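Peer 1: whatever this is, show me its structure:
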Amino acid sequence: MIQKIAMELSQLDAQGKQNSEQAYQVAREFCGHLQQAQTGTLHIKSFVNSLIHGTAGKEKAAELQARMQQAVREKDPFLVIASSSPAHIAAALENEPPQAVALVLSALPPKVSTEVLNRLQPEKSQQVIWRMTQAIEVSPKTLRRIGEILCKRIMDLNREESPIVKETVPKEMLRKVALVLSGLDKEKRDALLKEIEARDKETAKTVKALMVTWEDIVKIEDRSLQQVLRNVEPTVLAKALHGADPAIAAKIRSNISERASQMVDEEISLMGEPRKKDVLAAREEVVKPLREANETEELLFIEEEG
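Peer 2: The predicted model follows:
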């Protein structure tokens, strides 16, 4: 690698004074990074990542990093093992015989070996520590092979515990699912919702909420809407109606009493400019009992023509 860097710098130097000055600047910067590494002020991993991204770009960076990690594992698998968590090392060694465990712990830093030994079963840890006091003759090739096997196990454990990044499902898609379920009878709908909930509780919660939304109020039959609105406080309705679509506002006002409408108007005149989150919270408070009525099949919708 040093030879390749030297050759590249020499080539830049041969191309002219301007490039030569650039080459010297690159060399000085590189030496500065190495000096920082020696003094402990530079994090090697971040420097390597920065170097790879800067020279290879994002597309190649992941491939190069994987190849580098593979090269490190092939050169000395115990370096990778030593940097792993003691819990993972102990789990990977769980079913190995005491002699093999002793070989591995003897090749690791004492602090790491102590923590791993502390996680083994008492009887096994006693056998392992005794084996470590004995002279065990093993070829470098055999030790390397043991290290490679253990390294692979630890990597598998890391992959199993890596969180799966779930792709966000568009709200429009879940709304469609909610509408499909709304058209089913209660028994079938509940069974399918239960299946969704068993797989993902948050998704099930979102689908349930999207079965009836604030915008759906105009589609609800008057009598069903009246039964719910009579239990909603005027202060809540006042906030919910702030900036509401005229059709929704008209639907709500036509389904509350004249006295209730006057009380809502009084609240509106007194409350000033509400915050957006308060308006949304008020609308949610109006819609929540509508969803509950829908779940028990007490909420009726206006039949669409055609």
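Peer 1: now do the same contact list for Glu221.
Peer 2: The neighbours of Glu221, taking Cβ atoms under 8 Å, 6 or more residues apart in numbering as the test, are Leu300, Phe301, Ile302. Placement of C-beta: from N, CA and C, glycine included.
Peer 1: next, the contact list for Ile217, please.
Peer 2: Neighbour list for Ile217: Leu225, Ile248, Lys251, Ile252, Val286, Val287, Leu290 [criterion: Cβ under 8 Å, 6+ apart].
Peer 1: among those, which are in helices?
Peer 2: Taking DSSP state H as the definition of helices, these contribute Leu225, Ile248, Lys251, Ile252, Val286, Val287, Leu290.
Peer 1: tabulate those (CSV), appending pLDDT.
Peer 2: Below are the ones in helices among the contacts of Ile217 laid out as CSV (pLDDT from 0 to 100):
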residue, pLDDT
Leu225, 93
Ile248, 94
Lys251, 95
Ile252, 95
Val286, 94
Val287, 93
Leu290, 91
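Peer 1: of the residues you listed, which is the nearest to Arg144?
Peer 2: Val287 (64.8 Å; Cβ to Cβ).
Peer 1: if we can go back for a sec, buried only: go through the ones in helices among the contacts of Ile217 for me.
Peer 2: Buried residues within the ones in helices among the contacts of Ile217, counting neighbours by 16 or more other Cβ atoms under 10 Å: Leu225, Ile248, Lys251, Ile252, Val286, Val287, Leu290.
Peer 1: adding distance to Gln121, write these out as CSV.
Peer 2: Supplementary listing: these in CSV, determined by distance: Cβ to Cβ, whole Å:
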residue, distance to Gln121
Leu225, 66
Ile248, 66
Lys251, 69
Ile252, 67
Val286, 60
Val287, 56
Leu290, 58
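Peer 1: closest one of the residues you listed to Pro98?
Peer 2: The shortest approach to Pro98 among those belongs to Val287, at 64.3 Å (Cβ to Cβ).
Peer 1: contacts only, for that closest one.
Peer 2: The contact partners of Val287, by Cβ under 8 Å, 6+ apart, come to Val212, Thr213, Trp214, Ile217.
Peer 1: Ala281 is in contact with the third one, correct?
Peer 2: No - counting by Cβ atoms under 8 Å, Ala281 is not a contact partner of Trp214; they are 11.6 Å apart.
Peer 1: more neighbours, those two?
Peer 2: Residue environment comparison for Trp214 versus Ala281 gives the larger neighbour count to Trp214, 17 against 14, counting by other Cβ atoms under 10 Å.
Peer 1: contacting residues around the more buried one?
Peer 2: Contact analysis of Trp214 by Cβ under 8 Å, 6+ apart lists Ala240, Ile248, Arg283, Val286, Val287.
Peer 1: contact partners of stretch 120-128?
Peer 2: With Cβ under 8 Å, 6+ apart as the contact definition, stretch 120-128 has outside contacts at Ala90, Leu93, Glu94, Pro98, Val101, Ala102, Leu105, Leu117, Asn118.
Peer 1: got a pLDDT number for the second one?
Peer 2: Looking back up the chat, that one is Leu93. With respect to pLDDT, Leu93 has a value of 88.
Peer 1: what about the stretch 1-150 of the chain, any weak spots by pLDDT?
Peer 2: The stretch 1-150 of the chain contains residues with pLDDT under 70 at 1-75.
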